[in-house]
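**Q** Need a 3D model of the following:
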Amino acid sequence: MTNNKTNRKKRAHMKSLKQNHSQLNNKYTSTFPIIGMHCASCELLIIKKVESIPNVESAKVSLKTNSVTVTSTQRVSETVIATAIQDAGYEVGIETSEKPLITRNRQIWKDLAIGLAIVIFLFLIFKVLNVDKILGTMSSGGSNGTMALVVGLTAGFSTCMALVGGLVLSVSSKYAENHPTETAFQKFRPHLVFNLGRIVSFIVFGAIIGTIGSAFLIKGSLLGLLTIAVGVVMLVLGLQLTEAFPRIKKSFTLPSGLAKKLNIKQNVEREYSHKNAFFMGTATFFLPCGFTQAMQLLAVSTGSPLQAALIMGAFAIGTTPGLLSLGGLTSIVKDKFAQRFFRVVGIIVVVMAMINLVNGYNLMGLNRVFEHSNLPTQSQTTSKQDSAGSVILNTVFKYDTDISPNTFTAKVGQKTTLVVDVQEDGQGCMSTIMIIGLNDTPQYLKKGKKLELTFTATEAGDYTIACAMGVPRGSIKVIK
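**A** Next up, the predicted model:
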């Protein structure tokens, strides 16, 4: 029954096309409505197929009107043109019904499954090889500049990519998708400018925080809100790239001002702006990546503008190879493979977005209503009081076991200090520690130090001990 309906609809469309035929100067022109177009790459795919038909002189495809105008030296059968359009992956006809919420295209779901498999594979590789610890060990014996460079290299290919890399990947994919006629270098150009802006800003802002200290850093609920905002941007872009939800493709877009700044406005005629790409690179200094936070704290601890600028500049340079290689992928893919590649990219971006949304949720302290039952726990056995009557909670940090013990109890209104005996350097994005909602200033886990996180709770509840990105590592239960 459905097939009969579809055939009748197609015959009606084909019949209506006769009104769109014209002959001028011994050339024939026909216009065909198309179903399934969504970006500039679609235009190229259809042009390539239609212009390969004998006697066809040109094919002009319009994304705005969802149609193709074919000019030929002899009359070409409508069926031949329709077949060429179908070979390109589209249909001749007019959208007569609302797009489904979820696509029924099996090829799209196959591509998304590949994307999910890639995410799982990469996660397992990094877990099994313990990449963070290996690169962290390489950096621990050198100077601050060398350490920052190696940590940056780790960040460029590792978990920090969940934020900066994910945003770069989502935006660059949209740029490449909307500018399919540009050369590989032209598509790669935004990444060069972006990374230049990133390096310059890290040097400049590094010198500033080395001068005025941690007051310049974003922390607490504001950090969580920023993480969630970035996560939402990435989620929208990722879902659009997957094509799994057709309604989102056109009806759910970012605010025009933000889209313009991020260079993702769907207008293929829009001129590329170095200024916007450079601005986006500079803004990443404020994005709450755990690696960035750790290096910012190290820079602050030097108390020297020159040393701080060196640390942050070396870190930004270290991240460049990973971010450039990521951007390079979106610059070289072409034609039909590009369509499938961007779907795979979309699922990777969605996973990265979800990580950021969860971390932002944690950083804002919204998870205090839940028990931390998913963490392996070792409760405190004793607490001490100092001469001033403050309660002292003691824990030990080692890389393999994190903090132990990791669950504590405190009282409302009582001054309490969590003392962390750091016996090994923290690695990667887990190299900082703070108590969300009680002591929101991250501290750097440096071997040989005893960190003191002091607080006086005003409300009862469960508070998360976490890294600067909001990943839980323990909890404090505050009672009345």
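**Q** per-residue confidence at F455?
**A** In the predicted model, F455 carries a pLDDT score of 94.
**Q** Name the SS class of it, please.
**A** Following DSSP: H, G, I helix; E, B strand; the rest coil, the label given to F455 is strand.
**Q** Domain parsing of this protein, as residue ranges.
**A** Here the domain parsing of the chain from automatic domain parsing is 2-92, 106-364, 371-479.
**Q** where among those is the average confidence lowest?
**A** Among the domains of the chain, domain 106-364 scores lowest, at a mean of 72.
**Q** Tell me where the stretch 251-400 of the chain has helices.
**A** 256-261, 274-283, 290-302, 305-332, 335-363 (DSSP state H, counting those that start in this stretch).
**Q** Show me the one of these that comes nearest V236.
**A** helix 335-363 (8.5 Å; CB to CB). Any C-beta I mention is one placed from the backbone N, CA and C, and that applies to glycine too.
**Q** so that closest one versus helix 305-332, what angle?
**A** Relative orientation of helix 335-363 and helix 305-332, computed by axes from the mean of the first three to the mean of the last three CA atoms, to 10 degrees: 140 degrees.
**Q** just checking, what packs against helix 335-363?
**A** With contacts taken as 3 or more CB pairs under 8 Å, 6 or more residues apart in numbering; DSSP states H and E, helix 335-363 sits against helix 40-50, helix 106-129, helix 164-178, helix 220-242, helix 305-332, strand 461-466.
**Q** Mean neighbour count added to these, as a markdown table?
**A** Putting those into a markdown table (neighbours: other CB atoms under 10 Å) gives the following:
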| stretch | mean neighbour count |
| --- | --- |
| helix 40-50 | 20 |
| helix 106-129 | 14 |
| helix 164-178 | 25 |
| helix 220-242 | 21 |
| helix 305-332 | 21 |
| strand 461-466 | 22 |
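**Q** export these to a markdown table and tack on distance to V76?
**A** Shown next, in a markdown table, are the helices and strands packed on helix 335-363 (distance: least, CB to CB, whole Å):
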| stretch | distance to V76 |
| --- | --- |
| helix 40-50 | 9 |
| helix 106-129 | 28 |
| helix 164-178 | 30 |
| helix 220-242 | 35 |
| helix 305-332 | 34 |
| strand 461-466 | 65 |
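**Q** how about those, which one is nearest V80?
**A** helix 40-50 (9.5 Å).
**Q** Show the subsequent helix or strand relative to that closest one.
**A** strand 56-62 (DSSP states H and E).
**Q** in that following strand, what's buried?
**A** For strand 56-62, burial by neighbour count (16 or more other CB atoms under 10 Å) applies to V56, A59, V61.
**Q** Restricting to C-alpha, output that strand in PDB.
**A** Taking Å, rounded to 0.1, in the frame of the first residue of the first chain, the C-alpha atoms of strand 56-62 are listed here in PDB:
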ATOM      1  CA  VAL A  56      23.800  17.700 -20.600                       C
ATOM      2  CA  GLU A  57      25.700  21.000 -20.700                       C
ATOM      3  CA  SER A  58      25.200  22.100 -17.200                       C
ATOM      4  CA  ALA A  59      23.300  21.500 -13.900                       C
ATOM      5  CA  LYS A  60      22.600  24.200 -11.400                       C
ATOM      6  CA  VAL A  61      21.500  23.000  -8.000                       C
ATOM      7  CA  SER A  62      19.900  25.200  -5.400                       C
END
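**Q** Could you export the next helix or strand after it as CSV, keeping only the C-alpha atoms?
**A** Moving toward the C-terminus from strand 56-62, the next helix or strand (DSSP H and E) is strand 67-72. Extracted in CSV, the C-alpha atoms of strand 67-72 (Å, rounded to 0.1, in the frame of the first residue of the first chain):
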residue,chain,number,x,y,z
SER,A,67,15.9,21.9,-7.0
VAL,A,68,18.2,21.3,-10.0
THR,A,69,18.0,23.1,-13.3
VAL,A,70,19.4,21.1,-16.2
THR,A,71,20.5,22.6,-19.5
SER,A,72,21.1,20.3,-22.4
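**Q** and the angle for strand 67-72 with strand 56-62?
**A** Going by the same axes, to 10 degrees, strand 67-72 makes 170 degrees with strand 56-62.
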